[in-house]
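Asker: Below are the sequence and a predicted model; questions follow.
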Amino acid sequence: MKIRINEEVKHALENNIPVVCLESTIISHGMPYPKNVETALKVEQVIRDNGCVPATIGIVKGVPTVGLSKEEIEEFASRKDIVKVSRRDLPLVISKKQYGATTVATTMIIASLANIKFFVTGGIGGVHIHGEDTMDVSADLIELASTQVMVICAGVKAILDLKRTLEYLETFGVTVIGYKQDTLGAFYYPDSHLKIDGEVDDFAEAARVLIAKEDYKLRGGILLSNPIPKEYALDEEEMNSAISEALKEADEKHISGKEVTPFLLSKVASLTKGDSLESNIALVINNAIVGANIAKAYYEIKKSKED
């Protein structure tokens with residue numbers, strides 16, 4: 001098994017310096033160029049500024065790579081042949097030596113293989129609208145049920161069926177906690193009004209939830225919902241209207257599978273005249289701040305136990 005870990009990340013892992021992972025789908029399929037590369041580099045810097053080492057994950061010429069270089073991030077932002085890779089796609093992309101952008105699910109897999117415990121993203125995938133008919137359920141949920149990584153996000157993407165997504169996570173035993181909030185974040189706006197499993201009020205409390213899960217060898221990850229700051233949130237009614245219009249167009253154009261989410265995000269950004277994109281960037285940065293501080297708290301608690 002071949003995984004490339006860059007020297008900065010390798011040094012951090014060997015010396016118990018906290019590492020925070022980032023996905024690459026948000027670069028190649030989530031934002032337009034050059035906003036995508038600017039955001040990717042800015043988020044990495046935010047993680048460094050908060051005392052951790054960032055590790056953007058992607059597949060380069062068939063090799064899962066932990067810690068893309070600045071040049072590779074630029075390449076992922078501008079190339080047109082980057083494959084969006086979930087768990088099912090990994091064997092093909094690796095065997096064909098292709099470039100692949102990792103989704104939440106694949107980033108979790110590769111992070112776990114590298115023994116990295118924290119992963120910051122925008123929002124996770126979930127059960128799609130009309131998922132009860134289409135069976136369109138993101139592999140992100142299955143990965144959360146089986147892979148021991150804490151995912152820090154602004155909740156579930158608002159284009160999805162949030163209630164059914166939470167039901168799915170409950171069925172598979174995934175702990176969902178909120179940072180300073182006991183309801184699920186709804187990506188573009190802070191509150192879905194859907195109750196989750198618990199609330200944590202500081203970084204150390206969040207870190208202790210993961211430590212407890214590890215101590216008792218409980219399978220699966222933890223989802224931490226960190227709501228978008230209110231000053232960057234969009235109007236819920238306007239967003240629901242834009243999402244409804246985007247869903248209708250996707251249905252009319254028979255868009256399905258892995259193409260649905262990028263299409264919907266792009267369409268919503270167009271309908272909101274770019275406001276949703278700016279909110280997306282703001283929430284990812286906010287998640288990076290929270291995620292880095294939880295990672296630091298985790299390592300501090302673990303070290304204090306050893307002393």
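Answerer: That came through fine.
Asker: For the nearest residue to residue 73 once chain neighbours are set aside, give me its contacts.
Answerer: Spatially, and ignoring its direct neighbours in sequence, residue 73 is nearest to residue 40 (5.1 Å; Cβ to Cβ, 6 or more residues apart in numbering). From N, CA and C alone the C-beta is placed, and that goes for glycine too. Applying Cβ atoms under 8 Å, 6 or more residues apart in numbering, we find residue 40 in contact with 22, 26, 27, 56, 73, 76, 77.
Asker: Over to residue 43?
Answerer: Going by Cβ under 8 Å, 6+ apart, residue 43 touches 22, 54, 120, 284, 285, 288.
Asker: cool, and residue 293?
Answerer: Per Cβ under 8 Å, 6+ apart, neighbours of residue 293: 50, 51, 203.
Asker: rerun that using 10 Å as the cut-off
Answerer: 18, 20, 50, 51, 52, 152, 202, 203, 204, 206, 207 (Cβ atoms under 10 Å, 6 or more residues apart in numbering).
Asker: do the same with residue 93
Answerer: Contacts of residue 93 (Cβ under 10 Å, 6+ apart): 59, 61-62, 64, 82-85, 99-102, 106.
Asker: ok, back up a step: of the contacts of residue 40, just say which sits nearest to residue 185.
Answerer: Among these, residue 26 lies closest to residue 185 (Cβ to Cβ), at 16.7 Å.
Asker: Could you find the closest non-adjacent residue to that closest one?
Answerer: Nearest residue to residue 26 in three dimensions, chain neighbours excluded: residue 122, at 6.1 Å (Cβ to Cβ, 6+ apart).
Asker: Distance check, the one you found against residue 153.
Answerer: Distance, residue 122 to residue 153, by Cβ to Cβ, to the nearest Å: 6 Å.
Asker: contacting residues for residue 194?
Answerer: The contact partners of residue 194, by Cβ under 10 Å, 6+ apart, come to 155-156, 162-163, 165-167, 176, 183-186, 225.
Asker: For the residue nearest to it when sequence neighbours are not counted, the count of nearby residues, please.
Answerer: Sequence neighbours aside, residue 184 is the residue nearest to residue 194 in space, at 4.7 Å (criterion: Cβ to Cβ, 6+ apart). Residue 184: 26 surrounding residues under other Cβ atoms under 10 Å.
Asker: Give me the phi and psi for residue 184.
Answerer: phi -70, psi 140 (degrees, to the nearest 10).
Asker: Now the one residue sitting closest to the centre of the chain: phi and psi?
Answerer: Nearest to the mean C-alpha position of the chain, by Cα atoms, centre = their mean, lies residue 121 at 2.9 Å. Per-residue torsions, residue 121: phi -140, psi -180 (degrees, to the nearest 10).
Asker: what does residue 53 give?
Answerer: phi -100, psi 120.
Asker: Please name the bridge partners of it.
Answerer: With DSSP bridges as the criterion, residue 53 is bridged to residue 19.
Asker: and it, how far is that from residue 213?
Answerer: Relative to residue 213, residue 53 is positioned 23 Å away (Cβ to Cβ).
Asker: Comparing the two, which shows the higher neighbour count?
Answerer: When neighbours are counted by other Cβ under 10 Å, residue 53 and residue 213 differ, and residue 53 comes out ahead with 23 against 17.
Asker: Verify the stated contact: the more buried one with residue 67.
Answerer: Yes. Assessed by Cβ atoms under 10 Å, residue 53 is found in contact with residue 67 at 8.1 Å.
Asker: any residues in contact with both of these two?
Answerer: The contact lists of residue 53 and residue 67 share 6, 8, 9, 10, 12, 19, 44, 116, where a contact means Cβ under 10 Å, 6+ apart.
Asker: just the buried members of the residues you listed?
Answerer: Taking 16 or more other Cβ atoms under 10 Å as the criterion, what is buried in these is 6, 8, 9, 10, 12, 19, 44, 116.
Asker: isn't the third one right up against residue 69?
Answerer: No. Distance between residue 9 and residue 69: 11.1 Å, which falls outside the contact criterion (Cβ under 10 Å).
Asker: tell me, what's touching the two both at once?
Answerer: Contacts common to residue 9 and residue 69, judged by Cβ under 10 Å, 6+ apart, are residue 56.
Asker: Relative to residue 109, how far out is residue 260?
Answerer: Separation of residue 260 from residue 109 (Cβ to Cβ) stands at 21 Å.
Asker: Please state the offset of stretch 198-207 from the chain centre?
Answerer: 19 Å (Cα atoms, centre = their mean, to the nearest Å).
Asker: make that stretch 216-235, sorry
Answerer: 10 Å.
Asker: Please identify which pair of the contacts of residue 194 lies farthest apart.
Answerer: 167 and 185 (17.0 Å).
Asker: OK, contacts around residue 99?
Answerer: Applying Cβ under 10 Å, 6+ apart, we find residue 99 in contact with 24, 28, 58-62, 72, 75-76, 79, 81-83, 85, 93.
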